[in-house]
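Novice: Sharing a sequence plus its predicted fold:
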Amino acid sequence: SPQSTGSSGINAEYGIAEAGERLWMKTAAMATDDSADVKASILLGSRGFDVPSMAQKMETLKSTTIEPTEISPVTDIQGFLKGEREQALLGAIIESKNSTMKSASQRHSQALQQFWEEEKERVLSALLGSTKSDFHVPVDIQPLSVNNSYWGKESVMTQDEISFADVIGRRNDAVIAGRRYPLIDEFMSTIHEFGESKAVLDCWELVEVLVNSSCFDDPLLRFKPSNSLDLTRKSVEYLEKGFQQFVQTTICGHLEQAELGGVPGIMELASSYLSVRTQDSSVWGLVYVCLRCGSPAAALQALQDDGYEGEVESILENWANISAPSAARDKVRQLYYGGVNNCNDPYKRLVFSILGGCDIERRHGDILTTVQDYLWLKLVHVLTCSSTGRDFRSNKDKISLSEVQEHVLQEYGENHFNSLQSPYLYALVLLLTGLYESAIEVLYRSEESRANAIHMALTLHSNGMINLSTTPHQPVLSESDDDPSPHKRLNLTRIIIGYTRKFACSNPTSALNYYYILHGVHNEDGEDMFTVCIAELIQESKEYQTLLGTLDSSGRKTKGAIDRFNVNHSQIISTVAEASEKRGCWEEAVTLYELAHNYDKVLEILNEELSRKLMPNDKAHEHINEIAVSVEPRTLNANTSLRKQFLLLLDLYKFHKLYHNGHDKLEEALSVISRLQIIPLQQETINHRVQAFKSFSDELRRCIPDILIMVMSILNKLYKNASKSGSSLYGAQNKQAQKIRDQARVVMRFAGMLPYSMPGDTHAQLSMLDAPMRY
């Protein structure tokens with residue numbers, strides 16, 4: 001019916017409204033409590049994330065969070081075990097964290113250390129080449145690091161170093177005898193025995209060429225233009241000889257391809273070499289190889305055989321002295337810039353550049369593939385630029401030796417030549433360009449090449465070809481305003497001391513031979529460096545007998561290693577003795593002063609030590625007494641006053657020994673002290689002894705308080721013995737006891753009259769010993 005239909009509609013609307021209200025209330029509650037979560041779910045859901053799955057994963061993570069463990073009672077077994085487990089897990093986590101942090105810290109430190117080592121090496125390399133005139137580095141004459149493992153064992157020197165040292169020893173013998181010693185010949189013989197690498201031999205062979213061709217009284221003469229060109233010419237000849245050997249080696253390795261035949265000669269070798277290396281039949285290639293082998297005559301013959309005529313021939317005919325006619329060189333230069341410089345034949349371009357001395361900056365890299373080739377071309381250009389035809393050249397066709405040296409040091413430098421890995425190659429380049437001091441310094445840096453560096457330096461120095469530093473305190477390399485740039489000065493003293501430090505303690509005689517080379521070199525204080533170095537050597541090695549000699553029973557000195565040198569031995573020994581004395585090594589100082597026959601100093605030291613060690617009755621007391629007694633017969637010619645005091649102290653030692661030998665020796669000890677006349681035992685001698693005390697030395701005055709106590713102790717013991725034997729102690733006392741009492745009175749009065757501040761307890765001890773003898 002219509003009525004029922006309306007009623008059901010109303011009910012349906014009511015149900016919908018109620019359900020909507022419930023849904024709204026539920027949604028409103030969720031929005032109130034978890035509005036942030038709802039917003040996050042809507043956002044993530046709109047982005048395609050699986051919200052329910054993600055919620056489960058988040059709940060899992062929350063549930064695995066480690067919370068602080070609670071300490072459970074001991075009776076709660078389950079809780080206790082749970083706590084222990086969690087503590088173990090936490091401990092493992094913390095330990096792992098600490099281990100990880102420690103490992104990271106160590107790696108960081110290692111990285112920093114590596115960086116620092118690289119930076120330090122770079123800085124030190126720069127400092128070694130420092131040119132600051134005010135840069136002061138303390139000299140390396142510092143105490144040597146003595147390794148006790150050296151003593152009684154084999155030498156720490158290598159066989160190469162021993163062989164070098166033997167040569168230096170023979171050289172010193174020749175110098176002392178006034179003979180000239182062929183140092184380079186001996187070194188070359190030694191080098192060949194070592195079987196050194198080709199890089200080492202190349203450097204030594206160049207040094208041999210240089211020293212066999214030049215010798216200067218003054219190292220500065222080396223920079224004279226004519227002398228500098230002569231040395232450059234020797235470098236060129238060395239490079240040409242080396243290339244000729246290379247050509248021969250190449251041909252021997254390819255005999256079939258070389259097709260060597262005909263009359264042996266440079267031109268035939270050059271032709272065969274070109275057949276092997278380039279298959280180039282150009283006459284200009286043949287001319288270049290002939291010139292590179294140092295044979296302009298063969299190059300001229302090659303041109304003539306090819307039918308070439310022109311100014312090139314005129315230049316080649318005068319190539320021996322690099323002084324071709326200016327007109328010929330001018331014509332060659334015109335031809336070069338007129339088209340030869342752009343021709344397709346690289347050998348022709350190079351030959352015209354060499355003969356005309358033009359286009360100097362061109363590298364010709366298609367032919368010159370080695371450092372030696374490049375240097376040969378540059379040095380040849382230096383020689384041609386110094387010839388008579390240099391006036392008409394443009395600036396771009398001029399080059400000097402100093403410019404080549406700047407190229408080697410600045411434009412290329414150590415990194416280009418990889419001096420750390422190939423020090424001999426860079427050293428060879430420096431030697432070829434006349435930078436001898438820099439070459440030595442490069443080799444000196446490395447332990448492996450240091451021995452060769454030192455002996456190359458000594459070889460060049462023997463011919464006046466090393467410019468030395470003005471003082472031993474300068475860096476290994478330093479600059480001077482008197483020297484042309486970029487030349488530096490080498491500190492020979494520093495590198496010799498640095499080299500010998502390794503074996504100075506194990507092989508002091510070898511080190512001594514090297515130090516003798518420094519004879520005549522003086523430091524800022526005017527001291528001879530040989531004397532300074534040997535003094536340091538003796539102090540550190542303690543090899544007194546080996547180096548200085550000994551004294552026999554009669555006092556005569558046997559020879560030591562330094563006696564073969566023409567130096568002031570006494571001065572050296574005295575210098576070492578003074579250093580030992582300053583360090584408190586009195587026994588060493590006594591031995592050394594005695595070797596120098598300076599007995600006044602011997603007595604001064606012994607008097608000081610005897611006065612200090614008078615009282616202790618121990619081994620030191622006996623030792624100083626034994627030394628003093630052994631020295632005494634040899635001091636007859638010493639200073640009278642010092643000897644008198646010395647003998648007095650020896651007698652006091654005798655008194656001291658008697659005092660400690662028991663009651664039987666007490667009267668003898670008292671007799672000794674009475675004979676010495678330093679402590680009065682009679683009333684009439686008090687004033688005299690007080691006046692005599694004023695003239696005593698400090699060493700003797702220092703002994704008086706102890707002597708007074710020992711004298712009073714003796715009197716006290718003697719008095720007790722005398723009193724026991726007497727019939728009446730307070731009545732008719734025996735004469736002996738009375739005499740001892742009188743002597744005690746005299747000693748006490750003397751102690752009170754002394755113009756000397758004695759230790760505070762001295763008077764108290766004297767009074768205690770005197771008290772039993774007052775009544």
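Specialist: Alright, I've got the coordinates.

Novice: List the buried residues for stretch 675-693?
Specialist: 678-681, 685-686, 689-690, 693 (16 or more other C-beta atoms under 10 Å). C-beta: built from backbone N, CA, C; applies to glycine.

Novice: Which of those fall within helices?
Specialist: Counting by DSSP state H, the part of these found in helices is 686, 689-690, 693.

Novice: Looking at those, which is nearest H381?
Specialist: The closest of these to H381 turns out to be F693 (C-beta to C-beta; 89.9 Å).

Novice: Setting aside sequence neighbours, what's the nearest residue to the closest one?
Specialist: L754 (6.0 Å; C-beta to C-beta, 6 or more residues apart in numbering).

Novice: Looks like the one you found contacts K694 (just checking).
Specialist: No. The pair L754 / K694 is not scored as a contact, 9.4 Å apart, by C-beta atoms under 8 Å.

Novice: out of those two, which sits in the more crowded spot?
Specialist: L754 (16 against 10; other C-beta atoms under 10 Å).

Novice: any idea how far T100 is from that one?
Specialist: Here L754 is placed at a distance of 77 Å from T100 (C-beta to C-beta, to the nearest Å).

Novice: Show me where the stretch 151-300 of the chain has its helices.
Specialist: Shown for the stretch 151-300 of the chain, the helices assigned by DSSP state H, counting those that start in this stretch span residues 159-176, 183-194, 198-213, 225-252, 255-258, 266-277, 283-292, 296-305.

Novice: pLDDT on the shortest one, on average?
Specialist: For helix 255-258, the mean pLDDT works out to 68.

Novice: same deal with the third one?
Specialist: Per-residue pLDDT over helix 198-213 has a mean of 93.

Novice: Okay, buried residues for that helix please.
Specialist: Quick answer for helix 198-213 (16+ other C-beta under 10 Å): 200-211.

Novice: now the angle between helix 225-252 and that helix, please.
Specialist: 140 degrees (axes from the mean of the first three to the mean of the last three C-alpha atoms, to 10 degrees).

Novice: What helix or strand is the residue nearest the centre of the chain located in?
Specialist: Nearest to the geometric centre of the chain sits G498, at 5.1 Å (C-alpha atoms, centre = their mean). Using DSSP states H and E, G498 sits in helix 492-500.

Novice: following that helix, which helix or strand shows up next?
Specialist: helix 508-516.

Novice: Return that next one as CSV; C-alpha atoms alone will do.
Specialist: Only the C-alpha atoms of helix 508-516 are listed here, as CSV (Å, rounded to 0.1, in the frame of the first residue of the first chain):
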residue,chain,number,x,y,z
PRO,A,508,137.2,3.8,11.7
THR,A,509,140.4,3.5,9.7
SER,A,510,138.5,3.7,6.4
ALA,A,511,136.5,6.7,7.7
LEU,A,512,139.8,8.3,8.7
ASN,A,513,141.1,7.9,5.1
TYR,A,514,138.1,9.8,3.8
TYR,A,515,138.5,12.5,6.4
TYR,A,516,142.1,13.2,5.3
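
Novice: And it, how far out from the chain middle?
Specialist: Distance of helix 508-516 from the chain centroid (C-alpha atoms, centre = their mean, to the nearest Å) equals 17 Å.

Novice: just checking, what packs against whichever helix or strand comes after it?
Specialist: Moving toward the C-terminus from helix 508-516, the next helix or strand (DSSP H and E) is helix 529-541. On a contact count with 3 or more C-beta pairs under 8 Å, 6 or more residues apart in numbering; DSSP states H and E, helix 529-541 meets helix 508-516, helix 544-548, helix 569-582.

Novice: okay, stretch 94-111 in CSV with CA atoms only?
Specialist: C-alpha atoms of stretch 94-111 as CSV (Å, rounded to 0.1, in the frame of the first residue of the first chain):
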residue,chain,number,x,y,z
ILE,A,94,80.7,-2.1,20.4
GLU,A,95,83.9,-4.1,19.8
SER,A,96,83.1,-4.3,16.1
LYS,A,97,82.5,-0.5,16.0
ASN,A,98,85.8,0.2,17.8
SER,A,99,87.7,-2.2,15.5
THR,A,100,86.2,-0.5,12.5
MET,A,101,87.1,3.0,13.8
LYS,A,102,90.6,1.9,14.6
SER,A,103,91.1,0.4,11.2
ALA,A,104,89.8,3.5,9.6
SER,A,105,92.1,5.7,11.7
GLN,A,106,95.1,3.5,10.9
ARG,A,107,94.4,3.7,7.2
HIS,A,108,93.9,7.5,7.5
SER,A,109,97.2,7.8,9.3
GLN,A,110,99.0,5.6,6.7
ALA,A,111,97.6,7.8,3.9
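
Novice: tell me which residues in it are buried?
Specialist: Under the neighbour-count criterion of 16+ other C-beta under 10 Å, stretch 94-111 has nothing buried.

Novice: Let me know the average pLDDT across it.
Specialist: 86.

Novice: go on, stretch 335-349?
Specialist: 87.

Novice: Tabulate the ones in helices among the buried residues of stretch 675-693 in CSV, adding columns for distance to G357 and pLDDT.
Specialist: Output for those, formatted as CSV (distance: C-beta to C-beta, whole Å; pLDDT from 0 to 100):
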residue, distance to G357, pLDDT
I686, 105, 88
R689, 100, 87
V690, 99, 88
F693, 94, 85
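
Novice: pull the longest helix from the protein.
Specialist: Under DSSP H, the chain gives helix 77-128 as its longest helix.

Novice: mind listing what E667 touches?
Specialist: Neighbouring residues of E667 by C-beta atoms under 8 Å, 6 or more residues apart in numbering: L718.
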